[in-house]
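Peer 1: Task: produce atomic coordinates for the following.
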Amino acid sequence: QVRLVESGGGLVQAGGSLRLSCAASGRSFSSYTMGWFRQAPGKEREFVAAINWSGSSTVYADSVKGRFTVSRDNAKNTVYLQMNSLKYEDTAVYYCAADRNWRVVVTTPNLWGQGTQVTVSS
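Peer 2: Numbers count the residues shown, from 1 in each chain. Have a look, this model is predicted:
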């Protein structure tokens, strides 16, 4: 089992950048596909980005494509979400997620972190 802990959230002005990190503890991190989701107040949780076990494949929600970049360092058991050109509507709690199945990680992943708040001021 893998335990996920996010960090790096905070308050940033519109147009600014943040980098979220998700540290995984436990065995076999490199065998997991990793994802990022977010949930804004009053809205359902939505998919943001995902990366396969090797980092060779990534996928993004249309709303963040070209602004966010997901990456991973298997030696450090960590996945990252670099967020640039942040907008007010990016304000949400961001969650790291993991699953062994690529198709599942973008919809209903099995493992979740506790979330980190990102607030973008306009």
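
Peer 1: List of residues touching stretch 43-51?
Peer 2: For stretch 43-51, contacts defined as C-beta atoms under 8 Å, 6 or more residues apart in numbering pick out 33-39, 57-61, 64, 68, 70-72, 79, 81, 92, 94-95, 102, 105-107. (C-beta placed from N, C-alpha, C; glycine too.)

Peer 1: Show me how far stretch 3-14 is from its chain's centre.
Peer 2: 10 Å (C-alpha atoms, centre = their mean, to the nearest Å).

Peer 1: Revised request: answer the last question for stretch 58-71.
Peer 2: A distance of 10 Å separates the centroid of the chain from that of stretch 58-71, by C-alpha atoms, centre = their mean.

Peer 1: same check, this time on stretch 79-95
Peer 2: Distance of stretch 79-95 from the chain centroid (C-alpha atoms, centre = their mean) equals 8 Å.
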